[in-house]
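Novice: Predicted model and sequence below, questions to follow.
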Amino acid sequence: GEVIKVSIPPGGVKEGEMFDAPIVTAVALSTPPLDAASNDVALVGAWRHGLFSCFDTCANGMFWMTCCCELIAIGQLLQRLKMNFMGQPNGSYKNTCMVWTVLMVVLVVIQSVNSLLDYKNAPSDPTIDAELSASDYIFQIIYYIVLIFALAALTRARFFMREKWSIPADCCEGFGCLSDCCCAYWCGCCATIQMMRHTHDEKQDGYSCGSKTGLSDDAADVV
């Protein structure tokens, strides 16, 4: 038999007494119907793929975009969810991917210039450790600021998706977005891929590297 938890009516019950109680079942893992008013094609109740199923996409551009240019992939995901660059659902989202792409390019340029300066100013004696220059500190400050922004945006987006599609937390159940922050911090690439794969069936709507949402123009919107 199956053990089912029910709420006792106010005042309690006596042995042998019968009472009615609703049975609450888990949210079914199913695809919601697609209609003209709602193009919501994501699954409800659980993620479409596991957190570490990202390795199934090794031959997909989504995998390499996320691993090599994660900030751009985050921008695509946020714009797909109609969020601004900080992961807020009620803001302007038309340029979200562009903002994160610019931040990615800026980091790459600064890092390249900094590496050239370090190489130029390196001691002639290889046994002498080079000291950190002012450019090293500037790059590290900018890098960690962008990293914090990305962590906050991805955490917000993941929490929003879990709330929207009734998905339980991976850990720390009952502590709000703590689970989402842990996934975004420790498994950022895997979490980003999992979220991108959840909104659409990749067999029907394949990944597009050059798109602002990572999807083709004819893909259904997330509403």
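Specialist: Thanks, I have it.
Novice: Work out the gap between the top helix by length along the chain and the centre of the chain.
Specialist: Scanning the chain for the helix with the most residues, using DSSP state H, yields helix 134-164. With C-alpha atoms, centre = their mean, to the nearest Å as the basis, helix 134-164 stands 12 Å off its chain's centre.
Novice: just stretch 163-183 next, same as before
Specialist: Here stretch 163-183 is found 12 Å from its chain centre; the criterion is C-alpha atoms, centre = their mean.
Novice: now do stretch 70-78
Specialist: With C-alpha atoms, centre = their mean, you get 9 Å for stretch 70-78.
Novice: So what touches it?
Specialist: The contact list for stretch 70-78 (C-beta atoms under 8 Å, 6 or more residues apart in numbering) reads 62, 65-66, 84-85, 87, 93, 96-101, 103-104, 107, 146, 150, 153-154, 157, 188-189, 192-193, 195-196, 211-214. (Each C-beta comes from the backbone N, C-alpha and C, glycine too.)
Novice: tell me the mean pLDDT for it?
Specialist: The predicted model assigns stretch 70-78 a mean pLDDT of 97.
Novice: re the thing from before, from the contacts of stretch 70-78, which would you call buried?
Specialist: The neighbour count (16 or more other C-beta atoms under 10 Å) marks 62, 65-66, 84-85, 87, 93, 96-97, 99-101, 103-104, 107, 146, 150, 153-154, 157, 188, 192-193, 195-196, 212-214 as buried among these.
Novice: Please narrow these to those residing in helices.
Specialist: Per DSSP H, the buried ones among the contacts of stretch 70-78 map to helices at 62, 65-66, 96-97, 99-101, 103-104, 107, 146, 150, 153-154, 157, 188, 192-193, 195-196.
Novice: OK, contacts around the spatially most central residue of the chain?
Specialist: Nearest to the mean C-alpha position of the chain, counting by C-alpha atoms, centre = their mean, stands Thr192 at 4.0 Å. Listed by C-beta under 8 Å, 6+ apart, the contact set of Thr192 reads 66, 70, 73-74, 77, 154.
Novice: Repeat the analysis, applying 10 Å as the threshold.
Specialist: Going by C-beta atoms under 10 Å, 6 or more residues apart in numbering, Thr192 touches 54, 62, 65-67, 70-71, 73-74, 76-77, 150, 154, 157-158, 183-184.
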